[in-house]
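1. Quick one: sequence plus predicted model below, questions after.
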Amino acid sequence: MALSIEDIKKVAHLARIEINENDANATLNKLSGILALIEQMQAVDTRGIVPMSHAQDLSQRLRDDVVSKTNLRDEFQKNAPILGNGSQQPALAGGLYLVPKVIE
Amino acid sequence: MEWEVVIGLETHTQLQTVSKIFSGASVKYGAEPNTQACEVSLALPGVLPVLNKQAVHCAIKFGLAINAEIAPRSVFARKNYFYPDLPKGYQISQFELPVVGKGTITIQVPAAGKQAAYEKVVNITRAHLEEDAGKSVHGAVEGMSGIDLNRAGTPLLEIVTEPDMRSAAEAVAYAKKLHELVQWIGICDGNMQEGSFRCDVNVSVRPKGSDKLGTRREIKNLNSFKFMTQAIEYEARWQIETLEDGGKIQQATVLFNPETGETRAMRSKEEANDYRYFPDPDLLPLVITEQDKAHVQADMPELPAAMKARLEAKFGLSSYDASSLTASRELADYFMVAVDAGAEPKQTANWVMGSLSAKLNSEDKYLSSSPISAQQLAQLLKRISDATISNNAAKQVFEAMWLGEGEVDSIIAAKGLKQESDNGAIEAIIDEVLAANAAMVDEFKAGKEKAFNALVGQAMKASKGKANPAQVNDILKKKLQA
Amino acid sequence: MANNELTNGSLKSYAQLLHSKQISSLELTQAFLQRINQYNPSINAFIALDEDKTLAQARAADARIAIGSAAPLTGIPIAQKDIFCAKGWPTTCGSRMLANFVAPYDAHVISQFDAAGAVNLGKTNMDEFAMGSSNETSYFGGVKNPWSYDRVPGGSSGGSAAAVAARLCAAATGTDTGGSIRQPASLCGFTGLKPTYGVVSRFGMIAFASSLDQAGPMAKSAEDCALMMNVMAGFDERDSTSLDRAKEDYCRDLAKPLAGLKIGLPKEFFAEGLSAEVGQVIENAITEYKKLGAEIVNISLPNTGLSIPVYYVLAPAEASSNLSRYDGVRYGHRAAEYTDLMDMYSKSRAEGFGDEVKRRILIGTYVLSAGYYDAYYLKAQQIRRLIAQDFVEAFKQCDVIMGPAAPSTAFKAGEKVDDPVAMYLQDIYTISTNLAGLPGMSVPAGFAPNQDGPVLPVGLQIIGNYFDEARMLNVAHQYQKVTDWHSLAPNLPEGKA
């Protein structure tokens, strides 16, 4: 399957990575090469083969329903990003993480 | 043209656990922002999920309660999308292999207008385990939203129906039934204000008789039955009008505005979503054995339908009473506690469905906050049965107890409501009444039955209402026939 | 003892010196720190150093030794790949995205070393989010191969590799998703082990491709790796894929003779693509093993060629999802200027990630997107099973599999940067074990001449069956008893005085 510049833009949008026209072209070239490598898989007949998601064929372990975590908000929020748009303050207010307005 | 409304529901029920589905952070409601957001809730680099046993237990319980297939092997998948309240950039959910498969729930749709009440079976497509997202808080800072991740990772069971419902009434009857059931089996607290039980309603319309489904719009996050009715009715009307005006329905996610009573499409969901589901490599398949199911079954309370049948058979209750009493676990428990405390079952049913329900309704109270406990009610009913007080006096005691004036016996004593059941004393009163009302006695003897009732009334009056009416009847009858 | 000699010791020798109080952990640690100060400015192996923290740990280790409660690694300075969260340490994963991130918690691996009393020397450079085979994708710059500064050390654990080779640490940790321990071990001439998937907890280890990532030791010898494994391995309830197995002593079989050992040589590992010089070194090593009594079995791993295509579907797919959390909301890089939420996401991620990471996110997003899932992701998972089955068949005929760890010796910096596919082929011999979940190691086996440069180290790869790490370490150790490739260290150009 040949990749198009539209595919690159669509995927970049899905992945939330800004990409300009120049970069999109360069990326198209490199990704096409990688995709050509991947296409070698299509020669294999895989009918009836159970997909392998994990290295070991085991089942999920369950944890007991107990509260083991304490409030470490201050510790965690030391890593809050800088707000930006002219502000050098952390993107925090009243314990909340600040982001541009979420429109529903 | 006649139109048919087609409705399916997706309900997010918050499971009753103390910790999150994939971490040991508390799920307690109402904490300060981000104080219950541990490193896993925040999706810090390097953290990993481990599944909560109790959440799985709840899912199995629900599956057993609706006679569903419970998957011996189910798989957690990542649903990928960006949203600030979704810290990992994906939600851990179940996609191709959910934990609970097909099942059924029988709903009771109440009578409305000319339409009599009826029952209907709603098919459950699936129920799957997933994690809740956090919350966006608006207004803290101008032009910004604040993100609180306390709720992120709260365990949910999403219960999905087939598009089986045909009216707002059916949809609400289903939602109420489900709401009762999840509380009954103890997997969800049912608190709709706090968001423990949230419904997404898919609505489409089609010409009556058509077997093709119309394009649906999904009304998100309805958290009251009243809003659900309003939203569905508005949405169905809007769709029908749109189609009749020659328009087309676009698949969309809509929000209901309780202030205007209208639905509107969400702006953020305009773009077509591509969730790129794939099995979560951090979690292994969830395996549920027959033994696991048996273990949960042992912990399962008697279900409403079974209890209803038992109440009818054991206590001779009417189908209506039995059904009303098993409408909620709380009501059923209240009834059983009263009966176990010695109250007569039919009488208990009458009082619970009658005076108690009326009083709760008139004061807009939940049974859980009733000032009169089941034990207290039982004590009151026992005082009727053992002839300590009359039915009328019991009503006074009930009122007094409601106002917190004390226990049954102290109120009876304080108000002097004890019945006179001493034969000698009653005979003396009756003798006086007969002597003072010779005219009435003559009327009775002349065949006027009404005169008997008048004499009973006089005797009760003379006893200041305390005489046991049955005894008054008996003694009066004997004396008049003598 | 001269500084050079001191930093060239084995873990066992350090333990003896420390326990007999001939040196203190403080002295040993200072010796390494001094060497780091001298050589790291040119090699760039470490990207975070914190002398106060490190020396405090050394003092605590000395106190522990003094009261006689030391464990084998107590007081020994270990370098930690910057993929492991270590509380209070910058933890960047080689990315601008996390350039300012200070971990608020410890990875399981880090707490295991802490509990053992080991000293954390610092965090080592790596390819950004472990995506690379040359350490050239690091936001913090490339790492020099100590054997020849114009060469790459391999990747993604390039910083740890250079640190071990240049004797800047007693041993180091690495992680291996497609060869990131073994390929740099081969290119830098030391011993590295990627354990069976699930043996070392991934908790606190920043995820690249969750179903393939596995941490392991990078050290001077098989014996050192065994001692490191005794600390790193073990069940952790915080990782659902961690295996609940009895604790084992990885040193227990080191001394066993190899007579009768069946070594499988997969013909696919010696086919086109392998440099003749490297092939010769591997052959010499096999000859050595024959002398030790091993028997050679010719085997086939027919789906080897497919391991790269499969890997470049599965790893980017998992990575695209794993790296979605870096959105500039709660930590990490946020763009300085943005108009709305979408703009904030797209700019922060475009600026925070380097080109290779972005490429892999895009490929991963593409192969998972609607309409392509079955053709790519599902297909890759099916072939993954075929690849794993190849090994099941192979291990019916042999005890261990041997071959090269990398197709060539260290290549020049910049040589493959613009050709991702050529770079990906570096991992042709290592990727299949990650896909199968098997353990693999690289052991120094000699040096190969280059047409255009110096003689460079070559690693012999040993692949074992599931949970056969102790046996593989035995196989490597016996070889290291009769050869000295592993004990050779590069002569470093004069560093900072």
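-> All right, it came through fine. In this text, all values refer to a predicted model and were calculated from it rather than measured experimentally.

2. where in chain A is pLDDT low?
-> Counting by pLDDT under 70, chain A shows low-confidence ranges at A:1, A:104.

3. now the helices for it?
-> Under the criterion DSSP state H, chain A contains helices at A:5-14, A:21-38, A:73-77.

4. Export the ones you listed as JSON lines, with columns for distance to C:Asp427 and mean neighbour count.
-> No exception for glycine: its C-beta is placed from N, CA and C like everyone else's. Putting the helices of chain A into JSON lines (distance: least, CB to CB, whole Å; neighbours: other CB atoms under 10 Å in any protein chain shown) gives the following:
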{"stretch": "helix A:5-14", "distance to C:Asp427": "24", "mean neighbour count": "18"}
{"stretch": "helix A:21-38", "distance to C:Asp427": "12", "mean neighbour count": "16"}
{"stretch": "helix A:73-77", "distance to C:Asp427": "36", "mean neighbour count": "17"}
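
5. Those helices: which one's closest to B:Ala173?
-> With CB to CB as the measure, helix A:5-14 is the member of the helices of chain A nearest B:Ala173 (40.3 Å).

6. name the helices or strands packed onto the closest one?
-> helix A:21-38, helix C:355-368 (3 or more CB pairs under 8 Å, 6 or more residues apart in numbering or on different chains; DSSP states H and E).

7. Any residue of the last one touching chain B?
-> The one in question is helix C:355-368. Yes: using CB under 8 Å from any CB of the partner chain, helix C:355-368 reaches chain B at C:Thr365, C:Leu368.

8. other SSEs contacting that helix?
-> Judged by 3+ CB pairs under 8 Å, 6+ apart, helix C:355-368 is in contact with helix A:5-14, helix A:21-38, helix C:307-322.

9. Pull the CA coordinates from stretch C:169-182 and hand them back as CSV.
-> The C-alpha coordinates for stretch C:169-182 follow below in CSV (Å, rounded to 0.1, in the frame of the first residue of the first chain):
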residue,chain,number,x,y,z
CYS,C,169,31.3,2.1,36.3
ALA,C,170,31.6,-1.4,37.9
ALA,C,171,28.6,-2.5,35.9
ALA,C,172,25.4,-1.0,34.4
THR,C,173,21.8,-1.7,33.6
GLY,C,174,20.3,-1.7,30.2
THR,C,175,17.0,-2.5,28.5
ASP,C,176,16.5,-4.5,25.4
THR,C,177,13.4,-4.3,23.2
GLY,C,178,15.0,-5.5,20.0
GLY,C,179,18.7,-5.8,20.9
SER,C,180,19.4,-2.7,22.9
ILE,C,181,21.6,-4.6,25.4
ARG,C,182,23.2,-7.1,23.1
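
10. Quick one: check it for contact with chain B.
-> No: using CB under 8 Å from any CB, we find that stretch C:169-182 stays clear of chain B, coming within 11.2 Å at best.

11. Domain boundaries for chain B, per the record?
-> What automatic domain parsing lists as the domains of chain B is B:3-292, B:302-415, B:423-481.

12. what's near enough to touch B:Asp189?
-> B:Gln14, B:Gln16, B:Gln183, B:Ser196 (CB atoms under 8 Å, 6 or more residues apart in numbering or on different chains).

13. I'd like the next helix or strand past the longest strand belonging to chain B.
-> Taking DSSP state E as the criterion, chain B has its longest strand at strand B:118-131. Next along the chain after strand B:118-131, taking DSSP states H and E as the criterion, comes strand B:135-138.

14. other SSEs contacting that following strand?
-> strand B:144-148.

15. Grab the nearest non-local neighbour of the residue of the stretch 201-350 of chain C found nearest chain B.
-> Nearest to chain B in the stretch 201-350 of chain C, going by CB to the nearest CB, is C:Ser324, at a distance of 2.3 Å. Distances taken as CB to CB, 6 or more residues apart in numbering or on different chains put B:Gly89 closest to C:Ser324, at 2.3 Å, once the chain neighbours are dropped.

16. who's in contact with the one you found?
-> B:Ala43, B:Asn80, B:Tyr81, B:Phe82, C:Ser321, C:Leu323, C:Ser324, C:Arg325, C:Asp327.

17. Point to the residue nearest the middle of the chain.
-> By default, I'm working from chain A. A:Ala15 (6.2 Å; CA atoms, centre = their mean).

18. switch to chain C, that's the one I care about
-> C:Ile181 (2.3 Å).

19. May I have the secondary structure class of the residue nearest the centre of chain B?
-> A centroid search over chain B (CA atoms, centre = their mean) returns B:Glu180, at 3.6 Å, as the residue closest to the centre. Here B:Glu180 is recorded as helix under DSSP: H, G, I helix; E, B strand; the rest coil.

20. Distance check, the nearest residue to it once chain neighbours are set aside against C:Leu368.
-> Sequence neighbours aside, B:Ser328 is the residue nearest to B:Glu180 in space, at 5.3 Å (criterion: CB to CB, 6+ apart). Relative to C:Leu368, B:Ser328 is positioned 45 Å away (CB to CB, to the nearest Å).

21. of these two, who's got more company?
-> With neighbours defined as other CB atoms under 10 Å in any protein chain shown, B:Ser328 and C:Leu368 compare such that C:Leu368 has more, 26 against 20.

22. give me every residue that touches the more buried one.
-> Shown in contact with C:Leu368 (CB under 8 Å, 6+ apart): B:Asn80, B:Arg276, B:Tyr277, B:Phe278, C:Ala317, C:Ser320, C:Ser321, C:Tyr376, C:Tyr377.

23. Would you reformat the residues you listed as CSV and include neighbour count and pLDDT?
-> Shown next, in CSV, are the contacts of C:Leu368 (neighbours: other CB atoms under 10 Å in any protein chain shown; pLDDT from 0 to 100):
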residue, neighbour count, pLDDT
B:Asn80, 25, 97
B:Arg276, 27, 96
B:Tyr277, 19, 97
B:Phe278, 26, 97
C:Ala317, 28, 98
C:Ser320, 28, 98
C:Ser321, 26, 98
C:Tyr376, 28, 97
C:Tyr377, 23, 97
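
24. If anything else comes up later, I'll come back, but that's it for now.
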